[in-house]
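# dropping the sequence and predicted coords here.
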Amino acid sequence: MRRLRNRTHPSIVPSPLQNPNSKATIECHEQIRQILDHIEKVENFQTPECVFISLINFYGDNNMFHDAVDLFFRTPSYRCDPSVETLNALLLILCRNERGIEMISGILIKTRMINIRIEESSCRILIKTLCKIGSVSSAFELLSHMVDEGFDVDQKNCYLMLAIMCRQLNYDCDKIMGFWGDLKMLGFEPRKNDFCN
């Protein structure tokens, strides 16, 4: 198994290519497809999850978002049970631009089909992304949904949202305190010394 991993991993996962539309990229993509097809139909070993995480990152580096999504959902076909770590790798590349972000909602719905439960780490990625693109209201809605689904309120998420909201509102005290109150209603529990930070 060690010999097989060492031989397969470097050949499957090349370095990012300079031009996603170049002939080299197309050829590389076809080689990856052929190798994966061989693994699926001929081999019988359990493919390490790290291979798919690396491939997803490669697809993301070359703006091949649909390929990354397709690979994610086909991972069980290669005798690999994807975990939240693979999901998070996919979310991180999709969160890089608007086109990828638009694909996320549908992906999260389908993750139940392959028995991946969205964890706090996944929501943290999404909340951070929503805040970065200025959609703090959507981040708040996601946090609220997390609470409705039984997740504990992640205090770090709340601090992140509050910090970004402070910058976006140009430190408008009234609006910030209003948002602070909304977070506390969800379960945000700031410590006394946080008021000094």
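That came through fine. Residues are numbered from 1 along each chain as shown.

# tell me how far stretch 74-83 lies from the chain's centre.
Put simply, stretch 74-83 sits 17 Å off its chain's centre (CA atoms, centre = their mean, to the nearest Å).

# now that stretch: average pLDDT?
Here stretch 74-83 scores 92 as its mean pLDDT.

# residues in contact with that stretch?
36, 39-40, 44-49, 51-52, 72, 86, 114-116 (CB atoms under 8 Å, 6 or more residues apart in numbering). Every residue, glycine included, has its C-beta placed from N, CA and C.

# can you flag the buried ones in the residues you listed?
For the contacts of stretch 74-83, a burial check counting by 16 or more other CB atoms under 10 Å picks out Leu36, Ile39, Thr47, Pro48, Glu49, Val51, Phe52, Phe72, Thr86, Ile116.

# can you give me the neighbour number for Asp37?
A total of 11 residues lie near Asp37 under the criterion other CB atoms under 10 Å.

# meant to ask about Gly60
Neighbour count of Gly60, defined by other CB under 10 Å: 22.

# isn't it up against Leu91?
No: taking contacts as CB atoms under 8 Å, Gly60 lies outside contact range of Leu91: 10.2 Å.

# after the helix ranked longest in the chain, which helix or strand is next?
Taking DSSP state H as the criterion, the chain has its longest helix at helix 23-41. Next in sequence after helix 23-41, counting helices and strands by DSSP states H and E, comes helix 49-61.

# so how far is that next one off the chain centroid?
From the chain centre to the centre of helix 49-61 is a distance of 12 Å (CA atoms, centre = their mean).

# residue numbering should commence at 578 henceforth.
Sure, I'll start counting at 578 from here, so that last one is helix 626-638.

# next SSE downstream of that helix?
helix 642-651.

# closest one of the buried ones among the contacts of stretch 651-660 to Asp729?
Distance to Asp729, by CB to CB, is smallest for Ile693 among the buried ones among the contacts of stretch 651-660, at 19.4 Å.

# for the closest one, grab phi and psi.
Dihedral angles phi and psi of Ile693 (degrees, to the nearest 10) take the values phi -110, psi 120.

# pretty sure it contacts Glu662?
No: counting by CB under 8 Å, Glu662 is not a contact partner of Ile693; they are 9.8 Å apart.

# how far away is Met754 from Leu613?
Remark: distance between Met754 and Leu613 (CB to CB, to the nearest Å) = 53 Å.

# what do you get for Asn640?
Counting by CB to CB - Asn640 and Leu613 are separated by 19 Å.

# next one: Asn665
Taking CB to CB, one finds Asn665 at 21 Å from Leu613.

# repeat for Gly683
As judged by CB to CB, Gly683 and Leu613 stand 23 Å apart.

# again, but for Asn621
For Asn621, the distance to Leu613 equals 15 Å [CB to CB].

# same deal with Ala740?
On the measure of CB to CB, Ala740 and Leu613 end up 42 Å apart.

# just Gly711 next, same as before
Per CB to CB, Gly711 is found 38 Å from Leu613.
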